[in-house]
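Asks: with the input below, show me the fold.
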Amino acid sequence: IFSNYEFFPFNHSENFSSIENYALFSLICAKIYDKTKNLKFLNTILKLNDILSSRINSIDESITLSLVYHAINYELNFIDDLLKTKVENL
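Replies: Numbers count the residues shown, from 1 in each chain. Just a heads-up that it's a prediction; the model follows:
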């Protein structure tokens, strides 16, 4: 995820390592999944949060850590809800 994009002509920044961007994208996907229950967004959340959790030791900003915490918390809640639904339908 690049820090910025220009569409005419299509260019992007060289900075793609900002963990904050990944956390923010995960939170956006969480909001969309919460409204639509489209599993494509949950799948994206899982992949993004995997990246975030693999880099957790290198995060030194409290705001970014807070974003990561909320992103992972959303994931856990969504998975818990899916498991409860699955059990109820058995």
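Asks: dump stretch 71-78 to CSV, keeping only the CA atoms.
Replies: Taking Å, rounded to 0.1, in the frame of the first residue of the first chain, the C-alpha atoms of stretch 71-78 are listed here in CSV:
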residue,chain,number,x,y,z
ALA,A,71,-7.8,-3.8,13.4
ILE,A,72,-7.0,-7.2,15.1
ASN,A,73,-9.8,-6.8,17.6
TYR,A,74,-12.3,-6.4,14.7
GLU,A,75,-10.9,-9.5,13.1
LEU,A,76,-11.3,-11.5,16.3
ASN,A,77,-14.9,-10.3,16.8
PHE,A,78,-15.8,-11.1,13.2
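Asks: so how far is residue 74 from the residue lying closest to residue 44 once chain neighbours are set aside?
Replies: Excluding its sequence neighbours, the residue lying closest to residue 44 (Cβ to Cβ, 6 or more residues apart in numbering) is residue 29, at 4.9 Å. C-betas here are computed from N, CA, C, even on glycine. Remark: distance between residue 29 and residue 74 (Cβ to Cβ, to the nearest Å) = 9 Å.
Asks: kindly report the same for residue 52.
Replies: Taken as Cβ to Cβ, the spacing of residue 52 relative to residue 74 amounts to 12 Å.
Asks: what touches both of the two?
Replies: Jointly contacting residue 52 and residue 74 under the rule Cβ atoms under 8 Å, 6 or more residues apart in numbering are residue 26.
Asks: about what we covered before: which residues are in contact with each of residue 29 and residue 74?
Replies: Both residue 29 and residue 74 are contacted by residue 45, under the criterion Cβ under 8 Å, 6+ apart.
Asks: who has more neighbours, the two?
Replies: residue 29 (24 against 20; other Cβ atoms under 10 Å).
Asks: chain center to the helix or strand containing that one: distance?
Replies: Assessed by DSSP states H and E, residue 29 sits inside helix 19-36. Going by Cα atoms, centre = their mean, to the nearest Å, the spacing between the C-alpha centre of helix 19-36 and its chain's C-alpha centre is 5 Å.
Asks: number the residues from 4 up from this point.
Replies: I'll keep to 4 as the first residue from here, and by that count the last item is helix 22-39.
Asks: now do the strand or helix carrying residue 53: which elements does it pack against?
Replies: Taking DSSP H and E as the definition, one finds residue 53 inside helix 42-57. If contacts are counted by 3 or more Cβ pairs under 8 Å, 6 or more residues apart in numbering; DSSP states H and E, helix 42-57 sits against helix 22-39, helix 65-91.
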